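> okay, structure incoming, though there's no sequence with it:
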């Protein structure tokens, strides 16, 4: 949430800052702004609303400065408004900052500064931070920032400029991502690598409690305690600028749906060698399953539904009990964890605050941590003991698609490796699942190509509905949770996922004539029970959309709309069913003219509570 950019070099800063902000809009988009340092002073331009409003305002001006910072906001302190937008300056208009995160002790700092005559214009904790830096400023911006950050409590990253020190930007990270792009006679600051990948592929990934002192010709890194860090590693990014472009698609989400076959294949190529799972690169030993007496999974949002699915898979296929919990609950309880526990944390960004806090809590109690993460240099990736890199490539749309499918692929791989370690499971069964897993990329491609036009037509039929019900049983229910979430995220339509067998325990009174009910019915062993549920809700007047396979039998009069997916084992089939539901959500949102890549009140990387 919130995107920070910065530039210092020989080029005009404004277009570079705006280019970076455009790439980071998925991190927040209720307001945006830039601050540039010209020969005379710092000029701030900021606007409530999406970035286009800021660009229109900037186009009215002639701006030649070669040093500046920028911000795209997802509001935490203070409602979206021009005055609450970033950047913010101190009372004396000397220090200007952009900020991502929350300073938890802002009120205490504000009261202290108010007693010393400081005045405040906005409702933000960011303005308080700028004034504290100003309070400590005695001619050296770096020293003022060092003193200030040691007073701040919370999670934050910042970029700071000073009216009296034109050739310098100070960048700060504590529990909130920030990278420094390295160029020739120019350097860049960003919350995420895609912002400046078209300018450089060399980055410093700031670690927690690190400060960067940046000029156009050098970058020096310090700890919060003031020690200089001389061995900072340069990370060379393998992504290409083309991977973060739309490539002719109307939205990033649609592009990323279409990228799923390739991203799934890339993950398999990394961890499935010669028809055998090879987890050497993850740090897991050859008999990791037998090493731990307890398995726990923690995640948030879309990632949590992959954990919920994994609980079903591991318990059913490996006969091992699994505890699953969302990070926002796990971190505030007393989890029963010790050195015999393997905690699996799942995060697309690797920066999810609740998941990261859960990881640290479990680690303090002695657990071993395995991360499933799509960002190699993220906080979670650095702090886990073992790592499965999801290898999905950059994902720009806020609603996750290809990272989600690769999370599930990673769990499939873990289960396959677990099956190898269980002496009671035959090689024939393991080979069958391995063969099916290798078929998945092509089957995903086939489902996209064969269902998109039909799904678009069905979506247009349902686009004006105000609520949806999604149902399934067992693993199909876990997939229905994700289908409902996708629809909520990008169409703003209320969608509830329910275990089909639980409808009789409270939901039946809500079923009324015309209610659209989406059913995932891939599993063969529970389909007859599921079909009984379908007949009941159809008799109550619901409109049914069933996603199933050829093997499962039903009467046509019970189904209003039908999507068939290819035959494969019932544990993998649910993932094929989620593909048309991604498209379903996309086309309903499109019909309602929603902001698909940047849905309201959501951000891609949730780095605060």
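Nice, thanks for sending it over. Only a predicted model underlies this, so the values are computations on that prediction, with no experimental measurement involved.
> contacts and neighbour counts: CA atoms only from here.
Noted.
> under the pLDDT cut-off, which ranges of the stretch 501-609 of the chain? List them.
In the predicted model of the stretch 501-609 of the chain, residues 603-609 satisfy pLDDT under 70.
> so for the longest helix anywhere in the chain, mean pLDDT?
Across the chain, the longest stretch assigned as helix under DSSP state H is helix 427-462. What helix 427-462 shows for mean pLDDT is 96.
> distance check, residue 558 against residue 566.
Distance from residue 558 to residue 566, counting by C-alpha to C-alpha, to the nearest Å: 21 Å.
> for residue 60, same thing?
Separation of residue 60 from residue 566 (C-alpha to C-alpha): 56 Å.
> those two - which one has more neighbours?
Each of residue 60 and residue 566 has its neighbours counted (other C-alpha atoms under 10 Å); residue 566 has more, 17 against 8.
> excluding its backbone neighbours, what's nearest the more buried one?
Spatial nearest neighbour of residue 566, excluding adjacent residues (C-alpha to C-alpha, 6 or more residues apart in numbering): residue 549 at 6.3 Å.
> and that neighbour, how many neighbours?
A total of 22 residues lie near residue 549 under the criterion other C-alpha under 10 Å.
> check residue 532 too.
Neighbours of residue 532 under the rule other C-alpha under 10 Å: 14.
> quick check: phi and psi at it.
Torsion angles at residue 532 (phi, psi; degrees, to the nearest 10) stand at phi -60, psi -40.
> what do you get for residue 562?
Taking degrees, to the nearest 10 as the convention, residue 562 sits at phi -140, psi 130.
> any idea how far it is from residue 49?
According to C-alpha to C-alpha, residue 562 stands 40 Å off from residue 49.
> and what of residue 150?
Remark: distance between residue 150 and residue 49 (C-alpha to C-alpha) = 33 Å.
> ok, the two, which is more surrounded?
residue 49 (18 against 11).
> so, low pLDDT: which residues of this structure?
The chain contains residues with pLDDT under 70 at 1, 28, 39, 74-75, 77-78, 242, 603-609.
> one more time with 80, if that's ok
Where the chain drops to pLDDT under 80, the residues are 1, 25-29, 38-40, 61-62, 73-80, 82, 239-245, 424, 601, 603-609.
> quick one, domains of it?
The chain breaks down into these domains under automatic domain parsing: 3-244, 246-425, 452-595.
> can you put the ones you listed in TSV and add distance to residue 432?
As requested, the domains of the chain are exported to TSV (distance: least, C-alpha to C-alpha, whole Å):
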stretch	distance to residue 432
domain 3-244	34
domain 246-425	10
domain 452-595	9
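> quick one: closest of those to residue 431.
Of all the domains of the chain, domain 246-425 sits nearest to residue 431, with 8.0 Å by C-alpha to C-alpha.
> how long is that closest one end to end?
First residue to last in domain 246-425 (C-alpha to C-alpha) measures 45 Å.
> now swap in stretch 43-63 and tell me
End-to-end distance (C-alpha to C-alpha), stretch 43-63: 9 Å.
> ok now it, how far from the chain's centre?
27 Å (C-alpha atoms, centre = their mean, to the nearest Å).
> ditto for stretch 259-274
20 Å.
> ok, stretch 235-254 next?
Using C-alpha atoms, centre = their mean, the offset of stretch 235-254 from its chain centre is 16 Å.
> helix/strand/coil for the closest residue to residue 427 other than its chain neighbours?
Of all residues not flanking residue 427 in the chain, residue 420 sits nearest, at 7.9 Å (C-alpha to C-alpha, 6+ apart). Following DSSP: H, G, I helix; E, B strand; the rest coil, we place residue 420 in the helix state.
> wait, isn't residue 420 in contact with residue 430?
Yes: between residue 420 and residue 430 a contact is recorded at 7.1 Å, counting by C-alpha atoms under 8 Å.
> quick one, strands of the stretch 501-609 of the chain?
516-521, 543-548, 561-564 (DSSP state E, counting those that start in this stretch).
> repeat that for the stretch 251-400 of the chain.
Counting by DSSP E, counting those that start in this stretch, the strands of the stretch 251-400 of the chain are 272-273, 276-277, 294-299, 322-326, 341-347, 368-373, 386-389.
> start and end of stretch 236-244, how far apart?
Terminal residues of stretch 236-244 lie 16 Å apart, using C-alpha to C-alpha.
> check which residues of it are buried.
For stretch 236-244, the neighbour count (16 or more other C-alpha atoms under 10 Å) marks residue 244 as buried.
> so which residues make contact with that stretch?
When contacts are defined by C-alpha atoms under 8 Å, 6 or more residues apart in numbering, stretch 236-244 is touched by residues 194, 197-198, 201-203, 393-396.
> including distance to residue 155, could those residues go into TSV?
As requested, those are exported to TSV (distance: C-alpha to C-alpha, whole Å):
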residue	distance to residue 155
194	22
197	25
198	29
201	27
202	25
203	22
393	26
394	24
395	24
396	23
